[in-house]
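A.B. asks: Need the 3D shape of this:
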Amino acid sequence: MFHDAPDRLTEEYLKERLGGAFRQDLFDEHCDDDGTIAAGRVGELMHACAAAAHKRAQWWEGLNAVNVSVGANAGAMKKVPQTEEEKIRFLFDWADQDKDGLLNFKETNRLCQLQGATITQEQFRALSKQLGFNPRRGMSLEVASKVWDDYEDDYQAVLALEKKRFMFKWADKDGNGYISKEEFVLLIQLSDPKATASDEEWRTFCAQYKANPRKGLNWEAAKKLWAENWEPLHEEIQKDEKCRVMFQWADKDWDG
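C.D. replies: Numbers count the residues shown, from 1 in each chain. This is a model prediction of the structure:
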């Protein structure tokens, strides 16, 4: 792309070459006092622009996850499952963690645990004899569909779980797997902009959910926190995400 580039690259030159990937703020950050950037440093600028584009894509993915009310497991879905067939397919894909098109013992147990139950190896083998599948490999979607009587309850359970997972990812700003005190305050400020939390309050709160106050709430602690009455917070996060994505879309020069 830049094999015929001059030694110093101007803003106009880069805008023409990079097109929509050009970021004014990043150019200003990398350019010298004369308003140009050395050809040898263009790689740094391109890397920064690519990272920004990836982040923007993540915002759109996040909005899609909000709209379809599922998490990363079905981020590519274009609509919320409506029919029995679509819901069973969604559940099957959610449970099929190794994506081999079969539900093995561990993956079947993952579904059972949605309703607070478990299945033993012996019970799984008995089920395989009854339905005619190889217990070492697992059951296919076709087989699972025949016996999935309570799919609606399972579907609603997964739906709720994935909404909570999206909430956790929204709150975990630095992506380290924990909701810190500062991140938690941002979360509660969605419904009360003046909300705060003292160090003592934070320690007491973390103790309630068996979390390390220095690290914060992990996913397991968050699930306990959101065991009930989590829907209003999810709605607030939806609103915030949609407003943020609309702003990102409108901010064409990405200057904030």
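
A.B. asks: Tell me which residues touch Ala221, please.
C.D. replies: Cys206, Tyr209, Lys210, Ala211 (CB atoms under 8 Å, 6 or more residues apart in numbering). The way it works is simple: take the backbone N, C-alpha and C, and place the C-beta from them, glycine included.

A.B. asks: In space, what's closest to the first one - neighbours in sequence excluded?
C.D. replies: Spatial nearest neighbour of Cys206, chain neighbours left out: Pro213 (4.2 Å); criterion: CB to CB, 6 or more residues apart in numbering.

A.B. asks: Isn't the one you found up against Lys181?
C.D. replies: Yes - counting by CB atoms under 8 Å, Pro213 sits close enough to Lys181 to count as a contact (7.2 Å).

A.B. asks: which neighbours do these two share?
C.D. replies: With CB under 8 Å, 6+ apart as the test, Pro213 and Lys181 both reach Trp202.

A.B. asks: Find the least confident helix or strand in the chain, judged by mean pLDDT.
C.D. replies: helix 42-68 (a mean of 54; mean pLDDT, DSSP states H and E).

A.B. asks: what packs against the helix or strand following that one?
C.D. replies: Next helix or strand after helix 42-68 toward the C-terminus (DSSP states H and E): helix 84-95. With contacts taken as 3 or more CB pairs under 8 Å, 6 or more residues apart in numbering; DSSP states H and E, helix 84-95 sits against helix 105-112, helix 141-147, helix 151-171.

A.B. asks: Make TSV out of those helices and add mean neighbour count and distance to Cys31.
C.D. replies: Shown next, in TSV, are the helices and strands packed on helix 84-95 (neighbours: other CB atoms under 10 Å; distance: least, CB to CB, whole Å):
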stretch	mean neighbour count	distance to Cys31
helix 105-112	18	52
helix 141-147	15	55
helix 151-171	19	34
